[in-house]
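Trainee: no sequence on hand, only this structure:
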């Protein structure tokens, strides 16, 4: 097993024989690391943490450490990371708390750019991109294929819907609708569907146009949210994407950015 002689590995850690542990890494108790995962150097991991296969952790990233939550009293909480994620320099990933289900989770094939922060009880889906300095507060939920621009802050208990694009330097205090492009200027605004991202992922252009129409009704028709949803359901086809959008909005507890 390629473990650098300067690394410190707790005897209880379970590390696949194909994993690579670089110089000056610290691996704590109750850490499991899957096949072909690499820790380049100076990576700090505390357990209980489970890391899947073919992940790469760049220098000075920290995983599974205690959350920055004054209500955390050392209860046993976990961190779980899937497969083929890229965790860049100085990324911080904190374990869960009793108030949020005792779990922080990250799916598969995500890119977490330098200095991004995953707080306690966050659940990050798969195929997401968090640009440099993105900060996810506790209890945030991120859907699959979401892209969040640099230095964006997401408030506690907010959700970012799947296939959403959030522009850089945004401050998100309400849920971000799936499939939409949302940007902060003086206030948060929705600028239609994430058309480019959806087309790159193989969505039918007709389905994208239906989403554009739905978002126009939500944001430009001078209707409240209840009226807009009723109009969407009356006038637009009941596609999978429209159904996902409507369900996301109706299940929101903080309201959605419009």
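Mentor: Everything's here; your move. Model, not experiment: these values are computed from the prediction.
Trainee: residue 8 contacts residue 29, doesn't it?
Mentor: No - contact criterion CB atoms under 8 Å: residue 8 and residue 29 do not qualify, at 11.6 Å. Yep, even glycine has a C-beta here, placed from its N, CA and C like the rest.
Trainee: domain parsing for the protein?
Mentor: Using automatic domain parsing, the domain parsing of the chain gives 8-139, 198-250.
Trainee: just the ones you listed: most buried one?
Mentor: domain 8-139 (a mean of 20; mean count of other CB atoms under 10 Å).
Trainee: and that one, average pLDDT?
Mentor: Mean per-residue pLDDT for domain 8-139: 97.
Trainee: repeat for stretch 143-157
Mentor: For stretch 143-157, mean pLDDT rounds to 97.
Trainee: wait, what's in contact with the residue most central in space within the chain?
Mentor: The centroid of the chain falls nearest to residue 124 when counting by CA atoms, centre = their mean (3.2 Å). Contact analysis of residue 124 by CB atoms under 8 Å, 6 or more residues apart in numbering lists 105, 106, 107, 110, 118, 130, 136, 142.
Trainee: how about these in CSV, adding secondary structure and distance to residue 4?
Mentor: Shown next, in CSV, are the contacts of residue 124 (DSSP: H, G, I helix; E, B strand; the rest coil; distance: CB to CB, whole Å):
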residue, secondary structure, distance to residue 4
105, strand, 28
106, strand, 25
107, coil, 29
110, coil, 26
118, strand, 26
130, strand, 28
136, strand, 31
142, strand, 33
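Trainee: need those residues in a markdown table with distance to residue 258, can you?
Mentor: Formatted as a markdown table, the contacts of residue 124 follow (distance: CB to CB, whole Å):
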| residue | distance to residue 258 |
| --- | --- |
| 105 | 29 |
| 106 | 29 |
| 107 | 28 |
| 110 | 27 |
| 118 | 27 |
| 130 | 24 |
| 136 | 22 |
| 142 | 20 |
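Trainee: out of those, flag the one nearest to residue 156.
Mentor: residue 136 (9.3 Å; CB to CB).
Trainee: the closest one: what's it in contact with?
Mentor: 116, 117, 118, 119, 122, 124, 130, 142, 154.
Trainee: what's the answer for residue 239, then?
Mentor: 207, 210.
Trainee: same check, this time on residue 107
Mentor: Listed by CB under 8 Å, 6+ apart, the contact set of residue 107 reads 82, 124, 125, 126, 127, 128, 144.
Trainee: what do you get for residue 16?
Mentor: Residues in contact with residue 16, defined by CB under 8 Å, 6+ apart, are 33, 34, 35, 36, 37, 53.
Trainee: residue 233 is in contact with residue 247, isn't it?
Mentor: No - in terms of CB under 8 Å, residue 233 does not count as a neighbour of residue 247; the distance is 11.3 Å.
Trainee: quick one: the strands in the stretch 101-250 of the chain, in order.
Mentor: Assigned by DSSP state E, counting those that start in this stretch, the stretch 101-250 of the chain shows strands spanning 103-106, 111-112, 117-118, 123-124, 129-130, 135-136, 141-142, 147-148, 153-154, 159-160, 165-166, 171-172, 180-184, 188-193.
Trainee: out of those, nearest to residue 75?
Mentor: Judging the strands of the stretch 101-250 of the chain by CB to CB, what sits closest to residue 75 is strand 103-106, at 11.7 Å.
Trainee: okay, helices next: where are they in this protein?
Mentor: 195-200, 205-220, 225-235, 240-250 (DSSP state H).
Trainee: with respect to residue 97, which of those helices lies nearest?
Mentor: Distance to residue 97, taken as CB to CB, is lowest for helix 240-250 among these, at 25.2 Å.
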